[in-house]
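Novice: Quick one, what's the 3D model for this:
(one chain, ligands or ions: 1)
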Amino acid sequence: MTPAPRKGRISDDEMHRLAGEAKDKVNLSDLIIPYTDLKPRSGKRELVGLCPFHSERTPSFEVNDTKGLYHCWGCSEAGDHFQFLIKKNGITFRKAYELLTGGTLPVVSEEERAKRKAEAEADIARRLALAQSIWASTAPLPGTVGERYVRSRGITVDLPDTVRFAMTPRWYNHETGETGRNYPAVVCAMQDRDGNVVGVQCIFLKPGGNGKYQATLRDGKQAKAKLTFGLVVGSAIRLGAPGPHVMICEGPEDGWTLFQELGGQPIMVACGTALLPRINLPECVTSVTLAGDNGEAGGKAVIKARAAYIAQGRDVSSIFPELPFKDWNDQLQRIS
Ligand SMILES: [Zn+2]
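Specialist: Down below sits the predicted model:
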């Protein structure tokens, strides 16, 4: 048995690598079949069955062995091998790792693993190309309805050219090549450590541009106005060229606010709470200030990010908006 990775003894990156290896060797469906019957559905890559997380009569639970992901359209449960084992059995990550690597499960052949790896690489190339084509279709922000949105958030300074405007589709179907209709969007470039644009975050606006995109989905939930395309993990929206000190925050509106309030100090924006600790910082950055959001999720993200950047040998400090404001833009606009 492979020794289980112990949190704290190895880096997060190493743990991700070990967990990835463990997942590659086991079909996710082999873990799930003891709980529910899974069958192929014609024209679909996924296996489908009754959801093991909620009670239902028609199957809405899908498992994709190539990607190693499951998703229920009924109750929104979703995840990978680890999440399934942890949620279904109430066990720890360590225990789940031991189950996966314990040699009791069928092993995916080398050939199949190579095929899946090639598919994953093609998927990355496709996502990168899509993000770069969206970025190539953007225009400068000034004079657009995108600028109107930025101004409506209390931003009066001119933003760097990493924040632009486009009319761009909200969705893509990669199997059929279909795309959704175009909507106006503020498009933020997401750059990797070397400054290459590898992703975009689009803040979609209403057709006329007055306010964020709003729609109610079939399940009654609100559609997301913000969507990211491309390679998001590790990359960040840059406002100003990074120097020895950068400020890191978790959303574009926070970033714009801090950029304005701090007189153009370099800011890096992670796309969401979970990615706050995971930016691949350029070599030149020796100290960071984490500008967190208030609230439980925001506080936890800062604690994780602090540990991650300290482990890289960087000086870390943190700041939060004044209470009762939830984030930096709310504070700017005095919205509580
Ligand atoms: Zn379900």
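Novice: okay, now the closest residue to the ion within the stretch 151-300 of the chain: neighbour count?
Specialist: Closest residue of the stretch 151-300 of the chain to the ion, C-beta to the ion: Asp219 (11.7 Å). Bear in mind the C-beta positions are built from the backbone N, C-alpha and C, glycine included. Neighbourhood size, Asp219 [other C-beta atoms under 10 Å]: 9.
Novice: where's it relative to Pro52, distance?
Specialist: 19 Å (C-beta to C-beta, to the nearest Å).
Novice: same deal with Phe204?
Specialist: Taking C-beta to C-beta, one finds Phe204 at 34 Å from Pro52.
Novice: Among those two, which residue is more densely surrounded?
Specialist: Taking other C-beta under 10 Å, Phe204 and Pro52 do not tie; Phe204 has more neighbours (22 against 17).
Novice: Need the pLDDT of the residue nearest to that one when sequence neighbours are not counted.
Specialist: Distances taken as C-beta to C-beta, 6 or more residues apart in numbering put Tyr213 closest to Phe204, at 3.7 Å, once the chain neighbours are dropped. On the pLDDT scale, Tyr213 is placed at 92.
Novice: what sits against Tyr213?
Specialist: 170, 183, 204-206, 223, 225 (C-beta atoms under 8 Å, 6 or more residues apart in numbering).
Novice: Near the ion, which residues of this protein are found?
Specialist: 51, 53-54, 72, 74-75 (C-beta under 5 Å from the ion).
Novice: so where do the helices sit in the stretch 101-250 of the chain?
Specialist: Ranges of helices in the stretch 101-250 of the chain, per DSSP state H, counting those that start in this stretch, are 110-136, 145-152.
Novice: As TSV, those with mean pLDDT would be great.
Specialist: Output for the helices of the stretch 101-250 of the chain, formatted as TSV (pLDDT from 0 to 100):
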stretch	mean pLDDT
helix 110-136	93
helix 145-152	95
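Novice: Cys284: how many residues sit nearby?
Specialist: Neighbours of Cys284 under the rule other C-beta under 10 Å: 11.
Novice: my read: it touches Pro244, true?
Specialist: Yes. If you go by C-beta atoms under 8 Å, Cys284 and Pro244 touch, sitting 6.2 Å apart.
Novice: report the longest strand in this structure, please.
Specialist: Longest strand in the chain, counting residues (DSSP state E): strand 182-191.
Novice: Show me which residues of that strand are buried.
Specialist: 183-191 (16 or more other C-beta atoms under 10 Å).
Novice: Would you mind listing the residues in contact with Thr179?
Specialist: 169, 171-173.
Novice: for it, which residues make a bridge with it?
Specialist: Beta-bridge partners for Thr179, by DSSP bridges, are Tyr172.
Novice: confidence score at it?
Specialist: Thr179 is assigned a pLDDT of 91 by the prediction.
Novice: still on that earlier bit, now the contacts of Tyr213: which count as buried?
Specialist: By the neighbour-count criterion of 16+ other C-beta under 10 Å, the contacts of Tyr213 include these buried positions: 170, 183, 204-206, 225.
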